[in-house]
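# pasting the sequence and the predicted coordinates here, then a few questions.
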Amino acid sequence: MIFSIIAGAGIFGYAGWTLTRYFKKTRQGKCAACSLQASCQTSCSQVK
Amino acid sequence: MLTVALTGNPNTGKTSLFNMLTDSYEYVGNWAGVTIEKKVGTLKNKRGQLVDLPGIYSLSPLSRDEGVTTLYLLDESPSSLLNVVDASQLERNLHLTIQLLEYGRPVVVALNMIDVAEKRGLDIDVKKLSEQMGVPIMPVIARSGFGCDTLMQAAVKSSIDDESLVSPRHFDYGPVLEQAISTLEAKLPVSMASKRWLALQLLEGNIPVLQKLRQHVDPVWLQAFYVETEALVQKLPEGKKLPDYIRDKRAGIIDRWLQSAVRETKPLRTTLSERIDAIVLNKYLGIPIFLAFMYFTFKLTFDWIGTPVSDRLDALLNGVIRDGIASFLNTVGAASFLKAVILDGIVAGVGGVLVFVPQIFMLFLIISFIEDSGYMARIATVMDKLLEGVGLNGKAFIPMIIGFGCNVPGIMAARTIEQPKERLLTILLTPLMSCSARLSVYSLFVGTFFQSHQALIVLSLYVLGVVVALILAKLFSYTLAKEEESMFIVEMPPYRIPQWRTLSRSTWEKGKGFVRKAGTFIFGGSVVIWLMGYSGFHGWNVPMNESFLQAIGSVLSPVMEPLGFGNWQAGAALITGFLAKEVVVSTMGIIYAAPTEAGLEGAIAHFFTPLQAYSFMVFILLYVPCLATVGVIRNETKSAKWTWFSVGYALVIAYVISFIIYRGGLLLGFH
C-alpha cells in the first residue's frame, strides 16, 4: 500500500511537472520546446 | 581574458575549426548558413575564448543572421580576429578579409582546405601572400586538425603582443572616396575607434553602421553626404554605384596580392564534384534523382533497417520488459489503479512512441549524411527553379528540409532568408513539411495497412506536404505584397565522404531530443490521457467508451465523418495530437488498451480501412502545427494574426485534401 501511494504520487507528480514545464516553454516560444534544441543550428537567443 | 572572433565566408569550415580549437561540440554542416547566432567556446589551451560568428560574404548584412557579425564588431571589441579563408576560393574570400583588416584589430588568416586547393591545381605561396597582405597566414585543414595548434598559438600571440597589427589598415580607394572618408572621419567623435572603417562601411551601405553613426552625426547631414558622394563617384569614368565602386577597388587589391603569390600548376580540369553536379543538377534529371534519393531513404528507414529493428525493440518492450514490470508490480502488491496507470498508460503510451526510435534515427542519419556530403546545397539549387516559380527562392528549401526533422528549428532557420515577404511565406509553409514526430504515426499505420508499400506510401505523404506548400506559396504570393526582388546565393561545397564520427554525432544530437521528449512530455501526456480514459461522468474505472476521452473525441467525430474517420478514437487522438504529433500514437495505444503493437495494429485494423487510414495520415500531416511550432511561429512573426492564420489555413487545407482523397478514393473503388 505504501509503495502504491509513493509510486502513484511520484508518477502523477512527475507527469504534472513535465506538462507544466512543456507549456511554460512553449509559451516562451523560440526553441525552448524544441526537440532539437541542443544541436539546433539556429540557437535560441534572438537576433537583435 | 582574450576574445578571438572567428569570421569568414559561409561554408569555409568555421564551425569545424571552432570544434577543433575549443573543447565544445557544435553542429557542423556542409552547407551555407549553419551558424546563425554567435557561439562561444573556451580555447583548448585555456588562454581565451573563441566566438564563432555566422558566415558572411561582406560586413554589409543582407539578412538578419548576417547582421550578427556586424553588430558584434560594432558593439564588442575582440582581442583579435581569426579570419577563415577557403584556399580554393581566395579571390572571393579576401573581400571580407580586407574589411576585417580595415576594422583595426589584429587579424590572423586561417587558410583552410589547403588540400582541396592543391588538388585543384592551385599553388599558394603562403609566405609571399602573407608578406603581401601584411598578416600572419596559417595553412590548416580544419576537418583533420592539421595546423590547428599552430593557428591557435598565432591567434593568441597576435592578441597579446602584435601591436603593429592593431592599427587599421589603409587601402587606397581613389581621391574622390578618400576625400569623402576624411570628411566623415572629421565629423566623428575623437574617441571613436575604427573611424575609417565606419566611414567605408557607411559608404558601402551598411545599415547597422548607419544606425550607429546616426547617434553621433546629424542624420540629415549623413543622408546628404551619402547622396553627394554617390553622385561624385558615379561621375567618375567607371560610372559605378558606390558599393560596386568600393568592391571593384578591393578586387584590384586582391588581384595584386594573388598575382604574385598564387599560380595554377595544372590546367583546370573538371573535378569529381563538377562531374557529379553535371548529373544531379541536370535540368531534367535533378528532381527525379532527388525523389529517387528520398525513396531510397524511406526504403532504408522502413523496409530495410528501421522497421525490422523497431519490430525487435517492440517485441522486447512489450514482451520481457512489460512482463517484468507486471510481475514486479504483483510482487510488491501494487494497487490495481497503479498497475493500470503504469501498464495501460505509461507502457502503452510512452512505449508506443519509443518503438519508433529506430526509424527516426535512421532518417536522421540519412539527413546528416545529406548535409555533410554536400548534397543538401544541390537540393536547394535543384529546387530553386521550382520555388522561384511560386514566389520563393532556393534558400527557402533549407528551412523546409530542416523542418523534416522538426518544424521548430525549420521555422527558426527561415531567418537566413533576406526578404521579409519570403521569410514570412517560408515560416507559414514550413509546418507542412512532415516532421519526425509525424513519422511515428505513419510507422504505425503503414505497418498495419500498407506492409508491402511502406516506403512508397510515406514518400507520397512527404511529397504531398511539399506540393501543397508549393501550391500555397503561389497562392499566398498573389495576396501578400510582392514588390521585393528575391535573391538566391548558396555556396556549392565540394562533395565529400562524411566522417563516421561526425555522422553519428550529428544523428545522435538530432535524435536524442525525441527520446528525451518520450521520457518527459509524452510521459506526462500519456498519464493524463490514461486518466481521461479511466475516468468518466460515472466515476473511476469506467469502460473506455464511457470515459471523458470518449466524450471529448465524440465532439469531433461527426465533423470527421466525411473524411472517413468519424470514430471518437480518431477524434480524441487528433485533439491530443495538437500538443505534439507523437501523442496521436500514445493516445491510440492507450485507447485501444493494446498490450503489444501487434495488438494495437490489430485494433486499428478494426477501426480503419486502408483508404481511411491514408486519409487519416494525410490529415495528421496537414491539420495544425503542433503547440511548440505555433509558439515559435508566434515568436518569429511577432503577429497573432499570422499565427492564427497558420493554424486556420492548415485546418482548412487538411480537411479539403483528406475529403478529396477519401471521397475520390471511394469513387475510384478503393476502400
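Perfect, thanks for sending it.
# residue B:199 and residue B:184 touch, don't they?
Yes. When contacts are counted by CB atoms under 8 Å, residue B:199 is listed as touching residue B:184 (4.2 Å). Any C-beta I mention is one placed from the backbone N, CA and C, and that applies to glycine too.
# quick check: mean pLDDT across stretch B:550-557?
The average of the pLDDT scores along stretch B:550-557 is 93.
# in chain A, which ranges drop under the pLDDT threshold?
Along chain A, the parts satisfying pLDDT under 70 run over A:28-48.
# ends of stretch B:495-505, what's the gap?
Stretch B:495-505 stretches 20 Å from its first residue to its last (CA to CA, to the nearest Å).
# may I see the buried residues of that stretch?
Under the neighbour-count criterion of 16 or more other CB atoms under 10 Å in any protein chain shown, stretch B:495-505 has B:495, B:498, B:502-503, B:505 buried.
# ranges for the helices of chain A?
A:2-28 (DSSP state H).
# neighbours of the closest residue to residue B:535 other than its chain neighbours, how many?
Excluding its sequence neighbours, the residue lying closest to residue B:535 (CB to CB, 6 or more residues apart in numbering or on different chains) is residue B:548, at 5.9 Å. Here the number of neighbours of residue B:548 (other CB atoms under 10 Å in any protein chain shown) works out to 16.
# repeat that for residue B:228.
Other residues close to residue B:228 by other CB under 10 Å number 12.
# now it: which helix or strand?
Element membership for residue B:228 (DSSP states H and E) is helix B:219-235.
# pLDDT on that helix, on average?
The pLDDT scores in helix B:219-235 average 90.
# just checking, what packs against it?
Helix B:219-235 sits against helix B:175-187, helix B:195-203, helix B:207-214, helix B:242-261, with contacts defined as 3 or more CB pairs under 8 Å, 6 or more residues apart in numbering or on different chains; DSSP states H and E.
# redo these as a markdown table? Include mean pLDDT.
What follows is the helices and strands packed on helix B:219-235, written out as a markdown table (pLDDT from 0 to 100):
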| stretch | mean pLDDT |
| --- | --- |
| helix B:175-187 | 91 |
| helix B:195-203 | 91 |
| helix B:207-214 | 87 |
| helix B:242-261 | 90 |
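# wait, which of these is closest to chain A?
Among these, the nearest to chain A by CB to the nearest CB is helix B:207-214 (9.6 Å).
# that closest one vs chain A: in contact?
No. Residues of helix B:207-214 are not located near chain A by CB under 8 Å from any CB of the partner chain, the shortest gap being 9.6 Å.
# and the helix holding residue B:228, how far out from the chain middle?
Here helix B:219-235 is found 40 Å from its chain centre; the criterion is CA atoms, centre = their mean, to the nearest Å.
# ok, back up a step: pick the most buried one from the helices and strands packed on helix B:219-235.
Comparing these by mean neighbour count (mean count of other CB atoms under 10 Å in any protein chain shown), helix B:195-203 ranks first with a mean of 23.
# next, the angle helix B:207-214 makes with that helix.
120 degrees (axes from the mean of the first three to the mean of the last three CA atoms, to 10 degrees).
# helix B:195-203 versus helix B:219-235: what angle between them?
Using the same axes, to 10 degrees, helix B:195-203 lies at 80 degrees relative to helix B:219-235.
# hmm, who's touching helix B:195-203?
B:59-60, B:70, B:99, B:102-104, B:168, B:170, B:173, B:177, B:180-181, B:184-185, B:188, B:192, B:209-210, B:212-213, B:222, B:226, B:229, B:242-243, B:246 (CB atoms under 8 Å, 6 or more residues apart in numbering or on different chains).
# stretch B:663-671 too?
B:562, B:609-611, B:614-615.
# return the alpha-carbon coordinates of it using CSV.
Coordinates of each C-alpha in stretch B:663-671 appear next as CSV, following Å, rounded to 0.1, in the frame of the first residue of the first chain:
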residue,chain,number,x,y,z
ARG,B,663,-14.3,10.6,-51.4
GLY,B,664,-12.2,10.4,-54.6
GLY,B,665,-10.8,7.1,-53.4
LEU,B,666,-14.3,5.7,-52.8
LEU,B,667,-15.4,6.8,-56.2
LEU,B,668,-12.4,5.0,-57.8
GLY,B,669,-13.4,1.9,-56.0
PHE,B,670,-10.8,1.9,-53.2
HIS,B,671,-11.9,1.1,-49.7
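# now name the helix or strand holding residue B:669.
Here residue B:669 is assigned to no helix or strand, by DSSP H and E.
# same question for residue B:612.
helix B:610-622.
# look up phi and psi at the residue nearest to residue B:535.
phi -60, psi -40 (degrees, to the nearest 10).
# that one and chain A, how far apart?
Distance of residue B:548 to chain A, given as CB to the nearest CB, to the nearest Å: 16 Å.
# who touches that residue in this structure?
Going by CB under 8 Å, 6+ apart, the list of residues near residue B:548 reads B:532-533, B:535-537.
# just want the angle from the following helix or strand past the helix holding residue B:612 to helix A:2-28.
Following helix B:610-622 in sequence order, the next helix or strand is helix B:627-637 (DSSP H and E). Helix B:627-637 runs at 20 degrees relative to helix A:2-28, counting by the same axes, to 10 degrees.
# helices and strands around helix B:627-637, which ones?
helix A:2-28, helix B:407-413, helix B:420-429, helix B:640-667.
# any chance of those in JSON lines, with mean neighbour count and distance to residue B:588 too?
Formatted as JSON lines, those follow (neighbours: other CB atoms under 10 Å in any protein chain shown; distance: least, CB to CB, whole Å):
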{"stretch": "helix A:2-28", "mean neighbour count": "15", "distance to residue B:588": "19"}
{"stretch": "helix B:407-413", "mean neighbour count": "30", "distance to residue B:588": "22"}
{"stretch": "helix B:420-429", "mean neighbour count": "23", "distance to residue B:588": "28"}
{"stretch": "helix B:640-667", "mean neighbour count": "16", "distance to residue B:588": "18"}
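# out of these, which gets nearest to residue B:439?
helix B:407-413 (12.6 Å; CB to CB).
# show me what that closest one is packed up against.
Applying 3+ CB pairs under 8 Å, 6+ apart, one finds that helix B:407-413 contacts helix B:397-405, helix B:627-637.
# flag every residue of the stretch 401-550 of chain B that's near chain A.
B:402, B:405-406, B:408-409, B:412-413, B:415, B:436-437, B:506, B:509-510, B:512-514, B:516-517, B:520-521, B:523-528.
# out of the residues you listed, which end up buried?
Buried among those (16+ other CB under 10 Å): B:402, B:405-406, B:408-409, B:412-413, B:415, B:436-437, B:506, B:509-510, B:512-514, B:517, B:520-521, B:523-528.
# picking up where we left off before, in strands only, show me the buried residues of stretch B:495-505.
With strands defined by DSSP state E, no entry of these lies inside them.
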